[in-house]
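**Student:** no FASTA, just this:
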């Protein structure tokens, strides 16, 4: 994304200059991408790498090998990388509230989305140790800011959910985790995997299976010298992880895009995940003092279905049939079992 923005700006500058018969106004680059690659290889032999490795090894010590989410299909023995996407545009009012909460808590919008995504994963899986990945631009040197090339590195973000903290307290934990990760972002992800040597599983990616990605603001139409560029949606049929949540701001609204493995999830499940994320965000900004175990997930439509359609079905279900389902587990009268069935499920 960073390189694409650079490319389009340089293309516009060059095209405008050449149509006017002028020379290229672009300054000469101080270094090329190959220079960075050479520097990085030499840097990896430095003593500083040992301290970075030490941080990450301690940070990920005892981390769970996998995030066990409920899936629509059994996990295949080997990933096919088949995938699809579902998108959701958050309303401007909610986007504004999320920005307000970010300012009040001294965190970034990324940290708020990371906290919300992790709460959803915590609620889905029941696991208290949640690990996700995120890409870092890794352009922390002035010389490479204007250089086209792939500098991205992958960071691992781990959060302990024990004790069911409030959403406000969780934001503080996420903030500390993200800042520490960015401070130690120079260690290449593949070097970390090589050092940790996690047990390899062809059905899962190592260290984490869910990624959160913050994209730059979606590009609008670009016009220069009689030429108009505009972005086009490209449907991809691949998924690098079980789930990847991308978010970007466009016209004062946040667009969430969930890339999911079709080996594991159906489209309806992906849409429901996005709906649960929106519901949780709405509740969190309204009252960040709520404990994460209390934050609602169900959308209005799901609540209506639960209260009316499913509840009516439970009431109409023959009591003797309900009793036959439970008679091996509990010894209650048919009416009592019917009441339990209706209220709890």
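**Tutor:** Cool, the structure landed. Please read all numbers here as calculations on a predicted model, not as lab measurements.

**Student:** residues touching residue 55, list them.
**Tutor:** Residues counted as contacts of residue 55 (CB atoms under 8 Å, 6 or more residues apart in numbering) are 180, 184. Bear in mind the C-beta positions are built from the backbone N, C-alpha and C, glycine included.

**Student:** where does the protein have low pLDDT?
**Tutor:** Scanning the chain with the threshold set as pLDDT under 70 gives 218-220, 309-345.

**Student:** now the strands for it?
**Tutor:** In the chain, the strands defined using DSSP state E lie at 83-90, 129-136, 153-160, 210-214, 222-224, 227-229, 243-250, 253-261.

**Student:** switch those over to JSON lines; also include mean neighbour count.
**Tutor:** Output for the strands of the chain, formatted as JSON lines (neighbours: other CB atoms under 10 Å):
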{"stretch": "strand 83-90", "mean neighbour count": "18"}
{"stretch": "strand 129-136", "mean neighbour count": "20"}
{"stretch": "strand 153-160", "mean neighbour count": "19"}
{"stretch": "strand 210-214", "mean neighbour count": "20"}
{"stretch": "strand 222-224", "mean neighbour count": "14"}
{"stretch": "strand 227-229", "mean neighbour count": "11"}
{"stretch": "strand 243-250", "mean neighbour count": "19"}
{"stretch": "strand 253-261", "mean neighbour count": "21"}
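
**Student:** minimum distance to residue 267: which of the ones you listed has it?
**Tutor:** Between residue 267 and these, the shortest gap by CB to CB is with strand 83-90, which sits at 6.2 Å.

**Student:** quick one, the closest one and strand 253-261 angle?
**Tutor:** Relative orientation of strand 83-90 versus strand 253-261 (axes from the mean of the first three to the mean of the last three CA atoms, to 10 degrees): 160 degrees.

**Student:** burial check on residue 67, number of neighbours?
**Tutor:** By other CB atoms under 10 Å, the residues close to residue 67 number 20.

**Student:** just give the nearest non-adjacent residue to it, would you?
**Tutor:** Nearest in space to residue 67, with sequence neighbours left out and distances taken as CB to CB, 6 or more residues apart in numbering, is residue 209 at 5.2 Å.

**Student:** any idea how far that neighbour lies from residue 260?
**Tutor:** Distance, residue 209 to residue 260, by CB to CB, to the nearest Å: 11 Å.

**Student:** and for the two, which residues touch both?
**Tutor:** Residues touching both residue 209 and residue 260 (CB under 8 Å, 6+ apart) are 242-243.

**Student:** still on that earlier bit, mind putting the strands of the chain into a markdown table with distance to residue 144?
**Tutor:** Shown next, in a markdown table, are the strands of the chain (distance: least, CB to CB, whole Å):
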| stretch | distance to residue 144 |
| --- | --- |
| strand 83-90 | 30 |
| strand 129-136 | 13 |
| strand 153-160 | 13 |
| strand 210-214 | 20 |
| strand 222-224 | 24 |
| strand 227-229 | 25 |
| strand 243-250 | 23 |
| strand 253-261 | 28 |
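
**Student:** so which bits of the helix ranked longest in the chain are buried?
**Tutor:** Identified as the longest helix of the chain according to DSSP state H is helix 267-286. Across helix 267-286, burial judged by 16 or more other CB atoms under 10 Å covers 269-270, 272-285.
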